[in-house]
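Enquirer: model this:
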Amino acid sequence: MQQKLDELANNEQFLQFSKLSIVMNCKHTNGTQDITFSVEPSQIAFDFARSKARPHSLYSKFPLKLTNFVYLDPAQPDNKPKGYLTVKTPLGSGSMPDSGFGFNFEFNLGSLGALSGSAQFVVNLLIIWEPNQDGSQEKATTFVGLRLPGIGGDVLGFPLQSVLKLSFKTVELLVDSTSASGTAYLLKIKKVALKFFVLSFPPNGQTEIVIFGNPDATDSNDAVGWYAAYAK
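Expert: A predicted model of the protein is given here:
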């Protein structure tokens, strides 16, 4: 056991962490013992200096910043993260599970220009997995969600200059592993429109925006590219 722990500690391909606690509760009732275990992650800390992302991982290709660890306790459903739009991925597009573990990332998409006061457009990307009851890793439940900045909890739009709103319908994360330069990730935002009260631009047709990271990124992943397509 100690040898395995030492191998994990020396493997830079893992996210190094500390201060994750496992709490044991023991109740004595009528001469019997009822022992339960629970996870206490509130004090968890990550050591980014000793951690190294896999070269073809999403973290290596997109400007993601890990902000916090997420623990979904089925006994506390009110603590589930809110305001996230489900992102369709190769792993599926299911709803957020009632129990599980995950990571919350900040995703810097650059600036929307003068309409947003040249402020950085930073969204949250939430990745959650629910382990199988038998301990296997096959087809474990996963959830990927996207939350936009702003107040009001609108998962399908982003306010611009108060009266304008940049809206969209669905988000999909695509993975291309056929390139000789390495794995590429594409974030496709579908049916984008700029709305002014009841008016929408463009009034007809369909607009899609594709955001992509640098597939050749090695030491830096702090920028993204994008392109848009409009079909009448």
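
Enquirer: who touches the closest residue to S21 other than its chain neighbours in this structure?
Expert: Using Cβ to Cβ, 6 or more residues apart in numbering and skipping residues adjacent in sequence, the residue nearest S21 is E40, 4.1 Å away. No exception for glycine: its C-beta is placed from N, CA and C like everyone else's. Contacts for E40 (Cβ atoms under 8 Å, 6 or more residues apart in numbering) come out as 20-23.

Enquirer: Please list only the buried members of these.
Expert: Buried by 16 or more other Cβ atoms under 10 Å: nothing, out of these.

Enquirer: Compile the residues you listed into TSV and extend it with columns for secondary structure, pLDDT and distance to L166.
Expert: As requested, those are exported to TSV (DSSP: H, G, I helix; E, B strand; the rest coil; pLDDT from 0 to 100; distance: Cβ to Cβ, whole Å):
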residue	secondary structure	pLDDT	distance to L166
L20	coil	85	39
S21	strand	87	42
I22	strand	87	44
V23	strand	88	44
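
Enquirer: Quick check: the residue nearest to S21 vs K19, distance?
Expert: Counting by Cβ to Cβ, to the nearest Å, the gap from E40 to K19 is 9 Å.

Enquirer: which residues does M24 form a beta bridge with?
Expert: F37 (DSSP bridges).

Enquirer: ok, now which ones touch the residue lying closest to H28 once chain neighbours are set aside?
Expert: Closest residue to H28 apart from its sequence neighbours, by Cβ to Cβ, 6+ apart: D34 at 7.9 Å. By Cβ under 8 Å, 6+ apart, the residues touching D34 are 26-28.

Enquirer: Turn the residues you listed into JSON lines, columns for pLDDT.
Expert: Listed next are these as JSON lines, based on pLDDT from 0 to 100:
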{"residue": "C26", "pLDDT": "88"}
{"residue": "K27", "pLDDT": "86"}
{"residue": "H28", "pLDDT": "81"}
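
Enquirer: next helix or strand past the worst-scoring helix or strand of the chain on mean pLDDT?
Expert: Within the chain, confidence by mean pLDDT, DSSP states H and E is lowest for strand 157-160 among all helices and strands, at a mean of 61. Using DSSP states H and E, the next helix or strand after strand 157-160 towards the C-terminus is strand 164-167.

Enquirer: Send me stretch 185-195 as PDB with only the CA atoms.
Expert: The C-alpha coordinates for stretch 185-195 follow below in PDB (Å, rounded to 0.1, in the frame of the first residue of the first chain):
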ATOM      1  CA  TYR A 185     -11.200  20.900 -28.400                       C
ATOM      2  CA  LEU A 186     -14.000  23.000 -29.800                       C
ATOM      3  CA  LEU A 187     -16.700  24.800 -27.800                       C
ATOM      4  CA  LYS A 188     -19.700  25.300 -30.200                       C
ATOM      5  CA  ILE A 189     -22.400  27.900 -29.200                       C
ATOM      6  CA  LYS A 190     -25.500  27.500 -31.300                       C
ATOM      7  CA  LYS A 191     -28.300  29.900 -32.300                       C
ATOM      8  CA  VAL A 192     -26.600  33.100 -31.100                       C
ATOM      9  CA  ALA A 193     -28.600  36.300 -31.300                       C
ATOM     10  CA  LEU A 194     -28.400  39.900 -30.100                       C
ATOM     11  CA  LYS A 195     -31.700  40.900 -28.500                       C
END
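
Enquirer: All set now, cheers.
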